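Undergrad: Pasted the sequence and its predicted model underneath.
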Amino acid sequence: MGANPAADAAAVTTKAAEAADKQAEADKLREKRTIIFWAIASICGLGISGGFGFFLLQSVSTTPVNSFLDLAITGLTIGAGTKPLHDLITSMQVKASSAA
């Protein structure tokens with residue numbers, strides 16, 4: 001209808017509004033699915049880090065770190081995946097090189 005110049009403008013507007021509403025629904029479902037999968041991945045990350053004794057902060061810190069805080073941060077890092085951690089490390093490297 002949109003490519004047809006003889007089509008009624010009201011009909012095109014109605015179809016465009018329907019398409020926008022359906023796109024908004026799809027976006028909401030995608031956001032919900034993303035949150036659910038992140039929660040599942042974070043719970044699995046907490047279980048894996050606690051079960052195998054992976055503690056991110058203890059491996060990089062020279063001072064004692066609260067084990068529960070370390071477990072939470074390690075589990076959330078595993079659950080979030082590699083992209084956020086990679087971005088954090090890259091930004092820290094850029095700040096360190098610009099300060100030097």
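TA: That came through, no problem. For clarity, every value in this text was computed on a predicted model and none was experimentally measured.
Undergrad: so where is this structure shaky, pLDDT-wise?
TA: Judged by pLDDT under 70, the chain has its weakly predicted residues at 1-4.
Undergrad: Could you point out the longest helix of it?
TA: When the chain is parsed with DSSP state H, its longest helix is helix 9-52.
Undergrad: on contacts alone, who are the packing partners of that one?
TA: Using 3 or more C-beta pairs under 8 Å, 6 or more residues apart in numbering; DSSP states H and E, the elements in contact with helix 9-52 are helix 67-80. In this view, the C-beta of every residue, glycine as well, is placed from N, C-alpha and C.
Undergrad: and the helix it packs on, which residues are buried?
TA: Neighbour-count burial for helix 67-80 flags 70-79 (criterion: 16 or more other C-beta atoms under 10 Å).
Undergrad: Please list all residues in contact with the residue nearest the centre of the chain.
TA: For the chain, the residue nearest the mean C-alpha position is residue 80 (6.2 Å; C-alpha atoms, centre = their mean). Contact partners of residue 80, counting by C-beta atoms under 8 Å, 6 or more residues apart in numbering, are 38, 41-42.
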